[in-house]
Structures are given as structure tokens and as C-alpha cells.
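Asker: With the input below, show me the fold.
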Amino acid sequence: MGEEKTKNDEMEQRLSDNENIKNNGEATLEENYHHHRIYLLSVIGEIEGHECLSSNTKTTKYEHVLPKLAEIEDADNIDGVMLLLNTVGGDIESGLAIAEMVASLSKPKVSLVLGGSHSIGIPLAVSTDYSFIVPTGTMVIHPVRMNGMVIGAPPTYEYFKQMQNRITGFIASHCRAKEDRLEKLMMNTTMMTKDLGTILVGEETVREGIINEVGGMKEALRKLHEMIETRKNGCQPSAS
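Answerer: The predicted structure is shown next:
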């Protein structure tokens, strides 16, 4: 009877995990020889904010992510967080809210940029304790943009500047890149034919001091396991 209950519990857990992967791109990694329990969180597509996007748009909804991050912080059985990123950006306020919350987590955390982490995806990529990007991964740094009609008045431009300062300030405080360099990359006029900004690929993001290292899932998981072990042994994790 006890064995049957255990099997049923395991089956229910697997079904629940599969549902989380299907609905939210989330999973728990625990079948490893380190015996660490890692929460895998994905930010995919466009980051949806206070307005719902069309049903055929792949989105990450911040109202789903924020409660999950709170749950992760409060959970004794979660040892670390792996953040997977493949996003075109999206709502600035929502993206910064997620980035601030990730940065505030006490659990060891590592990010991995896959296809790309553009625009407001950059603060998300640097919000963890250590960051990776695959060799072909890209990051697009550009000025703040607004949809719809914008009033061309000095207060509007001042608001844009404040928003950009918030973004560059957050990025600079969580990586090796400096604010003035980030602003130059944002306002670059030589790379995009009809727009401002800079496209960085793989190793270029490391040279600019935004991402820590080029690598894939193997390297990212290895680093996260090391950080978890360091924390469990009572030492401060290394960001090198």
C-alpha cells in the first residue's frame, strides 16, 4: 500500500512538472549527483506588461513570473535558479520589475542567453550572479521606444531620458560595463540602417563587460552547482 502511494505521488509530481513546462516554461532539475534542486525559469518571446498581447504572440507574463520568484525565495528545498533567455524584449516596467526581483533573490542564480536577449532582456541577463551566452547568441542595445502617438515636447524627452537612465543604471550596477559606454552603444548610428543601437554577438558581449562568459547549458549548470556548493560550505560565491 505504501509503495503504491509513493508511485502515485511520483506520477502526480511528473504530471505537474510537465504541465509547468508546457504552460510556463518552468521545470525543477533535481536528478543530479550533486543532489541540488535547481529551478529552471524561462523568459521566452516578448515580455508582456500591463496590456495583453495577441494570442498568437509568444509571451512571458510578468504577473506569472513575479509570484513564482517569491515562491522560489521562500522555498527551503530550492538551492539555485537557472534563468534561460530568448527574448526580443518588451514592456520596460515589467522587464525591470522581473530583473529587480531576480537580483534580490538570495539563492545562487545563473543566466544563459540562447537565441538572444534584446532590449529590456539585457537587464534580465545581468540580474543573476553570473551570466553566460552561447557563441551565436545576440543582444541588441537601443534607446527607449514608445508605441502609438508620442507628444514631441521637452517633458516627453525628459521622461525618455529618465527611463534610459534607469535601464543603463541597472545594467551597469550588475555587470562590468560602464554607463557611458552603454549609452554610446545605445546611440550608435553606424550599425542599423534605419535605427539607433548596437548588435552584439557572443564573445562581443563578454568583451563589453555585459556578460561574464561564453558557454552553453553544460557550463552554466556547472557554474551554478559550484556556487550552490560554495554557499552550502559557508563561503561567498565567486563571480569570476
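Asker: Is Asp76 in a helix, a strand, or coil?
Answerer: coil (DSSP: H, G, I helix; E, B strand; the rest coil).
Asker: what about it, neighbour count?
Answerer: Residues contacting Asp76 under the criterion other CB atoms under 10 Å number 6. Heads up, the C-betas are built off the backbone N, CA and C, glycines and all.
Asker: And for Leu29?
Answerer: Counted with other CB under 10 Å, the burial measure for Leu29 works out to 15 neighbours.
Asker: Which pLDDT value does the model give the spatially most central residue of the chain?
Answerer: Centroid check for the chain by CA atoms, centre = their mean gives Leu124 as the closest residue, at 3.6 Å. The predicted structure scores Leu124 at 95 on the pLDDT scale.
Asker: any idea which element it lies in?
Answerer: When elements are assigned from DSSP states H and E, Leu124 belongs to helix 121-126.
Asker: is it true that the residue nearest to the centre of the chain touches Val102?
Answerer: Yes - between Leu124 and Val102 a contact is recorded at 6.9 Å, counting by CB atoms under 8 Å.
Asker: For the residue nearest to the centre of the chain, which non-adjacent residue is closest in space?
Answerer: What sits nearest to Leu124 in space, not counting adjacent residues and going by CB to CB, 6 or more residues apart in numbering, is Ala99, at 4.9 Å.
Asker: who's in contact with the strand or helix carrying that neighbour?
Answerer: Assigned by DSSP H and E, Ala99 falls within helix 92-104. Under the criterion CB atoms under 8 Å, 6 or more residues apart in numbering, residues 43, 47-50, 62, 65-66, 69-70, 73, 81, 83, 89, 109, 119-121, 123-124, 126-128, 144, 163, 166-167, 170, 174 lie in contact with helix 92-104.
Asker: so after it, what's the next helix or strand?
Answerer: Next in sequence after helix 92-104, counting helices and strands by DSSP H and E, comes strand 109-117.
Asker: about what we covered before: off-centre distance for the helix holding Ala99?
Answerer: 9 Å (CA atoms, centre = their mean, to the nearest Å).
Asker: Also stretch 115-134?
Answerer: Its chain's C-alpha centre and that of stretch 115-134 lie 5 Å apart, by CA atoms, centre = their mean.
Asker: Quote the end-to-end distance of that stretch.
Answerer: End-to-end distance of stretch 115-134 (CA to CA, to the nearest Å): 8 Å.
Asker: residues of it that come out buried?
Answerer: Along stretch 115-134, the positions that meet the burial threshold by neighbour count (16 or more other CB atoms under 10 Å) are 116-134.
Asker: Mind giving me the packing neighbours of the helix or strand harbouring Asp180?
Answerer: Taking DSSP H and E as the definition, Asp180 sits inside helix 179-186. Secondary-structure packing of helix 179-186 (3 or more CB pairs under 8 Å, 6 or more residues apart in numbering; DSSP states H and E): strand 138-141, helix 154-173, strand 198-201.
Asker: wait, isn't Ile47 in contact with His64?
Answerer: No - here Ile47 lies out of contact with His64, judged by CB under 8 Å, at a distance of 11.2 Å.
Asker: out of the two, which sits in the more crowded spot?
Answerer: The residue with the greater number of neighbours, taking Ile47 and His64 and applying other CB under 10 Å, is Ile47; the counts read 28 against 14.
Asker: List the strands paired with the helix or strand harbouring that one, with their directions.
Answerer: When secondary structure is defined using DSSP H and E, the element that contains Ile47 is strand 38-48. In the sheet, strand 38-48 lines up against strand 26-29 (antiparallel), strand 59-61 (parallel), strand 80-90 (parallel) (DSSP bridges).
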